[in-house]
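Chemist: With the sequence up front, the predicted model follows.
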Amino acid sequence: SIIPSKEYTPVTPLQDNQSILGKKLSNLHSSAAAQRKLRFVMEDLPLNPSSLSNLRKRRGLDPLPAGESWKLLVAKNAPVVVPIHEVAFNGKPADWEDNTVLTEFIFLRGETVQ
């Protein structure tokens with residue numbers, strides 16, 4: 001999840017019989033630093049016409065400093081809908097805001113999830 005939580009890492013690497021090199025690469029890509037770089041690419045890469053900064057600019061909105069979009073949502077008390085069933089998190093993380101709502105999986109509904 002991209003929602004910050006002390007209970008969960010941004011990406012949990014798969015735990016299997018990887019080689020030592022595979023484990024190092026997996027840990028490298030799942031680190032908080034790697035996630036910050038990915039967020040920069042998605043939000044602020046100047047050459048990306050679909051970056052958050054460019055989308056905001058085209059709509060006449062003020063730019064956001066890098067990595068500030070989540071803080072803005074929290075400050076505005078904006079509702080956050082997470083289309084993932086709570087069983088995926090073993091319940092909603094305690095440090096998520098009250099207005100963060102877990103729903104069902106987008107493509108898996110009904111009694112299939114237990």
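Modeler: Received it, and whenever you're ready, just let me know what you need.
Chemist: can you map out the helices along the protein?
Modeler: Under the criterion DSSP state H, the chain contains helices at 20-29, 32-44, 52-58, 69-75.
Chemist: could those helices be laid out in JSON lines, adding mean neighbour count and distance to residue 4?
Modeler: (Each C-beta comes from the backbone N, C-alpha and C, glycine too.) Formatted as JSON lines, these follow (neighbours: other Cβ atoms under 10 Å; distance: least, Cβ to Cβ, whole Å):
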{"stretch": "helix 20-29", "mean neighbour count": "12", "distance to residue 4": "18"}
{"stretch": "helix 32-44", "mean neighbour count": "14", "distance to residue 4": "10"}
{"stretch": "helix 52-58", "mean neighbour count": "14", "distance to residue 4": "17"}
{"stretch": "helix 69-75", "mean neighbour count": "13", "distance to residue 4": "7"}
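Chemist: quick one: which of these is nearest residue 86?
Modeler: helix 69-75 (20.1 Å; Cβ to Cβ).
Chemist: Would you mind extracting the C-alpha trace of the closest one into PDB?
Modeler: The C-alpha trace of helix 69-75 is given here as PDB (Å, rounded to 0.1, in the frame of the first residue of the first chain):
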ATOM      1  CA  SER A  69       0.500  14.600  -1.800                       C
ATOM      2  CA  TRP A  70      -0.200  12.200   1.100                       C
ATOM      3  CA  LYS A  71       0.400  14.900   3.700                       C
ATOM      4  CA  LEU A  72      -2.100  17.100   1.900                       C
ATOM      5  CA  LEU A  73      -4.700  14.400   1.800                       C
ATOM      6  CA  VAL A  74      -4.300  13.900   5.600                       C
ATOM      7  CA  ALA A  75      -4.300  17.700   6.300                       C
END
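Chemist: low pLDDT regions in the protein?
Modeler: Scanning the chain for pLDDT under 70 picks out 1-2, 9-32, 66-67, 107-114.
Chemist: distance of residue 73 from residue 54?
Modeler: 19 Å (Cβ to Cβ, to the nearest Å).
Chemist: Also residue 102?
Modeler: Residue 102 is 31 Å from residue 54, by Cβ to Cβ.
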